[in-house]
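sequence first, predicted model second:
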Amino acid sequence: MLTNSGDSLGTWNSLRPLTINNANGAVSIGNSLTVNGDIGTNAWVYANRFAINSSTGMWINMRDQNVIFGRNAVSTDGAQALLRQDHADRKFFIGGLGNSQFGFYMINNSRTANGTDGQAFLNSSGNFQCGGQIVPANYSNFDSRYALKTAYISSVRLGSAASYKPSSNGVSWTQNLGSGLVMTGIIVQETGSNSADNIGGIYYRPVQYCINGTWYTAASV
């Protein structure tokens with residue numbers, strides 16, 4: 001208990017900066033507390049609010065600024081969580097794999113083997129990797145660099161070869177190959193040493209294109 005400031009011989013005032021529970025020994029601080037050294041504990045620390053005495057500097061200074069961090073460095077190839085949020089069937093983490101990756105992870109409560117059930121992380125090469133699909137909620141900023149795989153042709157090829165031969169090549173003949181087919185060769189027939197060779201037929205193939213893993217035959221206009 002304290003007397004009023006400047007009145008050392010006065011009566012006790014209403015301030016109770018420190019109290020001790022006689023039943024269980026719990027100590028309570030009734031006002032703010034400033035500690036100039038480290039605080040160590042072997043049990044949980046509960047707080048309604050928590051703030052870091054942060055500072056601003058250059059990018060490289062972030063390595064040494066006041067931040068939330070794991071007291072022990074992550075062992076190479078070992079996993080360590082920095083933050084965890086518990087859900088009914090799974091837990092979500094911010095953490096990483098030692099000297100390899102850092103990001104967001106999900107582990108289902110039903111999992112019995114080592115591993116994760118979802119992840120999105122930055123690797124040591126600066127590449128961002130996601131174990132599942134990245135599904136934008138808004139496509140308005142997409143331009144020619146981004147296209148749905150269902151909206152563009154990823155490959156073009158010529159299909160299986162076929163041939164056409166007229167019933168008689170003794171007279172002129174024509175042949176309409178039809179939709180999506182292109183001529184790829186001719187069949188030359190020998191007619192004798194004293195005359196020109198005849199075109200006895202043609203080879204053709206369909207033009208095909210691939211969209212989203214499915215091949216289609218091109219149609220004619």
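Done, it's in.

and the longest strand that the chain contains, what does it pack onto?
In the chain, taking DSSP state E as the definition, the longest strand is strand 198-211. Applying 3 or more CB pairs under 8 Å, 6 or more residues apart in numbering; DSSP states H and E, one finds that strand 198-211 contacts strand 155-158, strand 162-164, strand 181-189, strand 214-217. C-betas here are computed from N, CA, C, even on glycine.

how close does the residue nearest the centre of the chain sit to Tyr105?
Central residue check for the chain by CA atoms, centre = their mean: the C-alpha nearest the mean position is that of Cys130, 2.3 Å away. The spacing between Cys130 and Tyr105, counted by CB to CB, to the nearest Å, is 12 Å.

so what sits against both of the two?
Common contacts of Cys130 and Tyr105 (CB atoms under 8 Å, 6 or more residues apart in numbering): Gln119.

sorry, back to before: the longest strand of the chain: how far from the chain's middle?
For strand 198-211, the distance between its averaged C-alpha position and the chain's averaged C-alpha position is 43 Å (CA atoms, centre = their mean, to the nearest Å).

got any ranges where this protein has weak pLDDT?
Filtered on pLDDT under 70, the chain yields the residue ranges 1, 144, 169-170, 192-197.

would you map the strands across it?
Along the chain, the stretches classed as strands by DSSP E are 18-20, 27-29, 79-86, 90-97, 101-108, 118-123, 128-130, 155-158, 162-164, 181-189, 198-211, 214-217.

quick one, domains of the chain?
69-130, 155-217 (automatic domain parsing).

in JSON lines: those, plus distance to Ile20.
Listed next are the domains of the chain as JSON lines, based on distance: least, CB to CB, whole Å:
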{"stretch": "domain 69-130", "distance to Ile20": "30"}
{"stretch": "domain 155-217", "distance to Ile20": "71"}
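
before we move on, back to that, distance of the residue nearest to the centre of the chain from Asn99?
When distances are taken as CB to CB, Cys130 and Asn99 turn out to be 21 Å apart.

many thanks, I have nothing further to ask.
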